[in-house]
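In: attaching a predicted model along with its sequence, questions to come.
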Number of protein chains: 2
Amino acid sequence: MDSKDVRTFLAVAEELHFGRAAERLHMAQPPVSRTIRALEDELGVALFKRDTRNVQLTNAGQELVQPARDIMEAFRRATRIVQAAGRGETGLVRIAYAGASTQVMVGRLARESREALPGIVLELQSQNFAQPAMARVLTGEVDIALGRWDHIPAGVVTRVLASENLVLAVPANHRLAGATECSITDFSEEHFITLAPHPGSVLGDRFRKLCHSAGFEPDVVQIAPDTWTAISLVSAGVGCSLTVSTVANNVNDPNVSFITVTDASEPVALCMAWLENQENAAVDTILKLSEEILPTAS
Amino acid sequence: MDSKDVRTFLAVAEELHFGRAAERLHMAQPPVSRTIRALEDELGVALFKRDTRNVQLTNAGQELVQPARDIMEAFRRATRIVQAAGRGETGLVRIAYAGASTQVMVGRLARESREALPGIVLELQSQNFAQPAMARVLTGEVDIALGRWDHIPAGVVTRVLASENLVLAVPANHRLAGATECSITDFSEEHFITLAPHPGSVLGDRFRKLCHSAGFEPDVVQIAPDTWTAISLVSAGVGCSLTVSTVANNVNDPNVSFITVTDASEPVALCMAWLENQENAAVDTILKLSEEILPTAS
DNA sequence: CTCTTTATTGCATTTTCTGCAATAATCTCT
DNA sequence: AGAGATTATTGCAGAAAATGCAATAAAGAG
């Protein structure tokens, strides 16, 4: 039994007339007759009780009508699904992201995606650091990465989602709390909370460079597993922590105050990265959506 | 897209290797390659990203896997269903029956059928008279009829389900209530309840013949639409009514007493009838079941 | 009983499918 | 970076099948 058999069977079952069925199938009667006969032989069951004047379904034929229609519908469904996937309307998009700022971005993207693109499933992979996320893009384990990188490998395209100023999170009872700007030199004697040091950590590098250029070695009293924990420690008065403006905008804790660091020469770029030659239409769709939801920073 | 395309696609999607897929399909690689290519062209979507070393599904290909499996399953299901129907395990059996005794028989048959043959649906058509039920068998509107017939048309096969004695239903306060036997002559002065007179009604004919041979014209005081109503009227003391032993065995009303009529020479036969050349396997199955549930009366 | 209708069969043709051999492309290993 | 090996693809020829026309047969309708 193959699809032509099913199509032929349904035509005859609906017309109850070999001639009209053949007409509907744009062919001559003999092939119709042969196809039905072959199908009956293969199944070992008579499907029609026919003579030169009347064609009617046998009991078995009756029972085949709905399953046969189901088969045709399964073909239509498969075609619909695969073409929707081809147009990028459905599919799986794997996103790796590292860091507090990217969590905010991914959150927005996921929310909008779920509303506007119900056929696309996002697989979100929170990484601890940006560099492994980039590695996963290169190996094809994920489709899109969000993070901060100094070096972009060949074959990877990036787009800047946000240009973030460096800010210092300080406890509310800190002597500079409430100030809008400060210099890192004002903090040479402070206690600091940092994230775990990791090669390729843009923020970590910046922090060290800032302190060194101001002529001091920071006193790191606590290493936090993630930014949110670091901010909590600041809130608890453990010390200060260098972070970015996006985090400042997404924290509303009266015990924490954020101060822009003026001698942080240039802002750090939060990027989205994907393979140049990627061919997944669903990824293209998400990239396009992200251009609306997360505009390129100036 | 036809079933061969789907089978080929699934083989390649599962092996992720054109050569092994071809092996599994018992053919050479080239046809596999061509089939996939043709399918991709037809759908307008790339299904595999392949080079000489690696074959992997595209996003669209991924999405096609399950629908493709559904198609194959739909074929298997259709085959299973139609062959079950061919073996008489599923299908529709239409049964027409007329009269109180047949209701009892059909009830038993329906109960057993539902338990033992869950795939067979019985369509029960209660008729008021046996003759139209037989007519529906001849026209093919029903598959099996139950009733009492004097004449069996050619091409119809019958089996005797019960050989019923004639009994008189009398009110409990009747002078003969409690007697086991009686003669119709004892009732020449009684009031009678009958069913609507209808040509071909075996019981009606018998009743009239009995009375006439006993030399009286029955005093019919009430015509009931069916036997159960007639028995209710007897119970209410309206009069007596001639019926059959099956009814007597299925009524348990203290206000009604049943007396066997001894001068009712021969019992009446309750029959099951179907077309001699009927080819519906489900009907065969039900006929076979009925031989167990409703044995042929001696 | 004849005529008409219509499914089926015979046969020739065309189309499609299949397989072998050759090719090309790319990944892996040195 | 280059050589080798693996494997998908293409060309072509042969085989299988599907299709259509014409003829046949069978069954109902008048």
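Out: Everything's here; your move. Numbering: from 1, shown residues only, chains lettered A, B, ... in the order given.

In: domains for chain A, by residue range?
Out: Chain A breaks down by automatic domain parsing into domains covering A:3-86, A:91-163+A:269-293, A:166-266.

In: among those, which comes closest to B:Met27?
Out: domain A:3-86 (18.6 Å; CB to CB). (Glycine included, C-beta is placed from N, CA and C.)

In: closest one to chain B among the domains of chain A?
Out: domain A:3-86 (3.3 Å; CB to the nearest CB).

In: just put the domains of chain A in TSV and tack on mean pLDDT.
Out: Converted to TSV, the domains of chain A look like this (pLDDT from 0 to 100):
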stretch	mean pLDDT
domain A:3-86	95
domain A:91-163+A:269-293	93
domain A:166-266	92
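
In: relative to B:Val82, which of the ones you listed is closest?
Out: domain A:3-86 (4.3 Å).

In: that closest one vs DNA strand D: in contact?
Out: Yes: if you take CB under 7 Å from any atom of the strand as the test, domain A:3-86 does meet DNA strand D, through A:4, A:26-31, A:34-35, A:51-54.

In: who in the stretch 151-298 of chain A is up against chain B?
Out: A:279-283 (CB under 8 Å from any CB of the partner chain).

In: distance of the residue in the stretch 101-250 of chain A positioned nearest to DNA strand D relative to A:Asn277?
Out: Closest residue of the stretch 101-250 of chain A to DNA strand D, CB to the nearest atom of the strand: A:Ala154 (13.0 Å). To A:Asn277, A:Ala154 is 11 Å away according to CB to CB, to the nearest Å.

In: which residue packs closest to A:Val121, ignoring adjacent ones?
Out: A:Leu92 (5.0 Å; CB to CB, 6 or more residues apart in numbering or on different chains).

In: nope, A:Leu39 is what I meant
Out: A:Asp5 (4.7 Å).

In: next: A:Val137.
Out: A:Ala145 (4.7 Å).

In: the one you found and A:Gly99 touch, don't they?
Out: No: contact criterion CB atoms under 8 Å: A:Ala145 and A:Gly99 do not qualify, at 11.0 Å.

In: what is in contact with those two at once?
Out: A:Ala130 (CB atoms under 8 Å, 6 or more residues apart in numbering or on different chains).

In: now do the helices in the stretch 51-200 of chain A.
Out: Using DSSP state H, counting those that start in this stretch, the helices found in the stretch 51-200 of chain A span residues A:59-86, A:100-116, A:130-139.

In: those into CSV, with extra columns for mean neighbour count?
Out: Compiled in CSV, the helices of the stretch 51-200 of chain A are given as follows (neighbours: other CB atoms under 10 Å in any protein chain shown):
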stretch, mean neighbour count
helix A:59-86, 20
helix A:100-116, 18
helix A:130-139, 20
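
In: include distance to B:Met72 when you put these into TSV, please.
Out: Below are the helices of the stretch 51-200 of chain A laid out as TSV (distance: least, CB to CB, whole Å):
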stretch	distance to B:Met72
helix A:59-86	9
helix A:100-116	32
helix A:130-139	33
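
In: turn these into JSON lines, columns for distance to DNA strand C.
Out: Below are the helices of the stretch 51-200 of chain A laid out as JSON lines (distance: least, CB to the nearest atom of the strand, whole Å):
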{"stretch": "helix A:59-86", "distance to DNA strand C": "13"}
{"stretch": "helix A:100-116", "distance to DNA strand C": "31"}
{"stretch": "helix A:130-139", "distance to DNA strand C": "12"}
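
In: got a list of what A:Gly86 touches?
Out: Here A:Gly86 is in contact with A:281, B:43-46, B:60 (CB under 8 Å, 6+ apart).

In: DNA strand D contacts on chain A?
Out: Going by CB under 7 Å from any atom of the strand, the residues of chain A near DNA strand D are A:4, A:26-31, A:34-35, A:51-54.

In: just the buried residues from these, in ChimeraX please.
Out: Per 16 or more other CB atoms under 10 Å in any protein chain shown, the buried members of the residues of chain A next to DNA strand D correspond to this ChimeraX selection:
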select /A:35
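
In: among the residues of chain A next to DNA strand D, which pair sits farthest apart?
Out: Every pair of those checked by CB to CB; the farthest is A:Lys4 and A:Arg53, at 26.9 Å.

In: among the residues of chain A next to DNA strand D, which are in strands?
Out: Applying DSSP state E to these, no entry is found in strands.

In: pull the contacting residues for A:Ala236.
Out: Contacts of A:Ala236 by CB under 8 Å, 6+ apart are A:171, A:255.

In: now swap in A:Ala224 and tell me
Out: A:193-195, A:230, A:233, A:241.

In: take the residues you listed and write them to TSV, including distance to A:Leu64 and neighbour count.
Out: Shown next, in TSV, are the contacts of A:Ala224 (distance: CB to CB, whole Å; neighbours: other CB atoms under 10 Å in any protein chain shown):
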residue	distance to A:Leu64	neighbour count
A:Ile193	72	24
A:Thr194	71	20
A:Leu195	66	23
A:Ala230	68	26
A:Leu233	71	22
A:Ser241	71	27
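
In: just those residues: which are in strands?
Out: Using DSSP E, the contacts of A:Ala224 in strands are A:193-195, A:241.

In: nearest to DNA strand C, of those residues?
Out: A:Leu195 (35.6 Å).

In: what sits opposite the closest one in the beta ladder?
Out: Under DSSP bridges, the beta-bridge partners of A:Leu195 are A:Ala224.

In: wait, isn't it in contact with A:Asp226?
Out: Yes: assessed by CB under 8 Å, A:Leu195 is found in contact with A:Asp226 at 7.0 Å.

In: what about stretch A:147-155, near DNA strand C?
Out: No: where contact is defined by CB under 7 Å from any atom of the strand, no part of stretch A:147-155 touches DNA strand C; the two come within 12.6 Å at best.

In: next, the buried residues of that stretch.
Out: A:147-149.

In: do stretch A:24-33 and DNA strand C meet at all?
Out: Yes: Stretch A:24-33 is in contact with DNA strand C by CB under 7 Å from any atom of the strand, via A:29-30, A:33.

In: would you turn those residues into CSV with distance to A:Ser188?
Out: Formatted as CSV, those follow (distance: CB to CB, whole Å):
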residue, distance to A:Ser188
A:Gln29, 97
A:Pro30, 97
A:Ser33, 96
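
In: let me know which of the helices of the stretch 51-200 of chain A is the nearest to B:Ala78.
Out: Taking the helices of the stretch 51-200 of chain A one by one with CB to CB, helix A:59-86 is closest: 3.5 Å.
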